[in-house]
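A.B. asks: okay, predicted coordinates and the sequence, questions at the end:
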Amino acid sequence: MGVDTISDNQAVIQTHDLTKYYGPVRGLERLNLEVRRGEVFGFLGPNGAGKTTTIRLLLDFIRPTGGTASVLGLDPRRHSREVRRRVDYLPGDMVLYDKMTGSQLLSYLAHLRGGVDWEFVGELVERLQCNLSQPIRSLSRGNRQKIGLVQAFMKRPEIIIMDEPTSGLDPLIQQEFYGMVEEVRADGRTVFMSSHNMPEVERVCDRVGIIRQGELITVEDVHALKERALHQLEFHFAAPVPEEAFSTLPGVRDVTVEDAVLRCTVIGKPDALIKAVARFEVLKLISHEPNLEDIFLSYYSEGGEHAA
């Protein structure tokens, strides 16, 4: 099956009720997920949530208890060789041949994959400041991670799947990695990445899926998710204002008024609050914009509004 079998608007990764149990222990429960061609998809959740289990099922490293998965229109089990030819992977627990040098390892992997554009590989090595001359066993975790990133990007695969890709990298190299991801997106290829690094996900991802205890809670566009998130607002008025003017407004909570200062949290659109505030003379407005970590925690908290 060739590359052109997947159209631009089709899902390049698709699961239907994908389930995995390790004996009596649930790893993944009825996952229904679609990842589109040309997007950067972030898969969020703490350790044990099911992120790595999902990735291993997509690559046929483990077999599902139930449900199905499709990668580039292919069944990972029946077409595992074709899937691995067109998809590259950076595991979170990457193990390298530590007696080899970085250069030897990349040459070995390039041979297994039928050759690479060595000029492009050289560009990646330079951008990530890789040390290829020393045995891998002598390298720090961060320098090993750089080599892992080179091997994931160097074949220019249709999909790059990465598990915690910037673990151990310094901030400057992280910025270079973000540029590499943006180039993959611009090329119409797809990145699927799990991460604990919320600023990273917010920086590079188009959509995110949040997984909790083996179950998918939500899949959202990053910008839409932030628009519906909690906003912390602070208003400074010219004179003291009554708390009761704001405490019963829809979507407004955690209201406190100290003399002429109102502090509150708004869920979603602030229309009702703005209309109430407009009855008084406002000197200053301070908005504490939500970040993805705040949003993630609101979904993930036991008994929280989103989780409920």
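C.D. replies: Yep, it's here.
A.B. asks: what bits of this structure have low per-residue confidence?
C.D. replies: Applying pLDDT under 70 to the chain flags the ranges 1-9, 226-229, 289-295, 297-308.
A.B. asks: grab the most central residue of it for me.
C.D. replies: Gly42 (2.0 Å; Cα atoms, centre = their mean).
A.B. asks: how about that one, secondary structure?
C.D. replies: strand (DSSP: H, G, I helix; E, B strand; the rest coil).
A.B. asks: just grab the bridge partners of it for me.
C.D. replies: In this entry, Gly42 is beta-bridged to Met193, Val208, by DSSP bridges.
A.B. asks: quick check: it touching Asn197?
C.D. replies: No. Counting by Cβ atoms under 8 Å, Gly42 stays clear of Asn197, with 9.6 Å between them. Every residue, glycine included, has its C-beta placed from N, CA and C.
A.B. asks: pop out the phi and psi values for Ile210.
C.D. replies: Note on Ile210: backbone dihedrals following degrees, to the nearest 10 are phi -110, psi 120.
A.B. asks: I meant to write Arg156 there.
C.D. replies: phi 50, psi 60.
A.B. asks: ranges for the helices of the chain?
C.D. replies: Applying DSSP state H to the chain gives helices spanning 51-58, 80-86, 102-112, 118-128, 141-153, 171-186, 198-204, 222-227, 271-277, 292-300.
A.B. asks: now the third one and helix 141-153, what's the angle there?
C.D. replies: On the basis of axes from the mean of the first three to the mean of the last three Cα atoms, to 10 degrees, helix 102-112 is oriented at 20 degrees to helix 141-153.
A.B. asks: and what of the longest one?
C.D. replies: Compare the direction of helix 171-186 with that of helix 141-153 by the same axes, to 10 degrees and you get 10 degrees.
A.B. asks: which other residues reach helix 171-186?
C.D. replies: 38-40, 124, 127-129, 142, 146, 149, 153, 160, 165-166, 169, 190-191, 193, 200, 203-204, 206 (Cβ atoms under 8 Å, 6 or more residues apart in numbering).
A.B. asks: switch to 10 Å and redo it
C.D. replies: 38-40, 123-124, 126-130, 142-143, 145-146, 149-150, 152-153, 156-160, 162, 165-166, 169, 189-191, 193, 197, 199-200, 203-206 (Cβ atoms under 10 Å, 6 or more residues apart in numbering).
A.B. asks: look up how far Pro135 lies from the nearest residue to Val191 once chain neighbours are set aside.
C.D. replies: The shortest distance from Val191 to any non-neighbouring residue, by Cβ to Cβ, 6 or more residues apart in numbering, is to Val40 (4.4 Å). Relative to Pro135, Val40 is positioned 34 Å away (Cβ to Cβ, to the nearest Å).
A.B. asks: the more surrounded of those two?
C.D. replies: Val40 (24 against 14; other Cβ atoms under 10 Å).
A.B. asks: how does the chain divide into domains?
C.D. replies: 3-225, 230-289 (automatic domain parsing).
A.B. asks: nearest to Phe296, of those domains?
C.D. replies: Closest to Phe296 of the domains of the chain, according to Cβ to Cβ: domain 3-225, at 5.8 Å.
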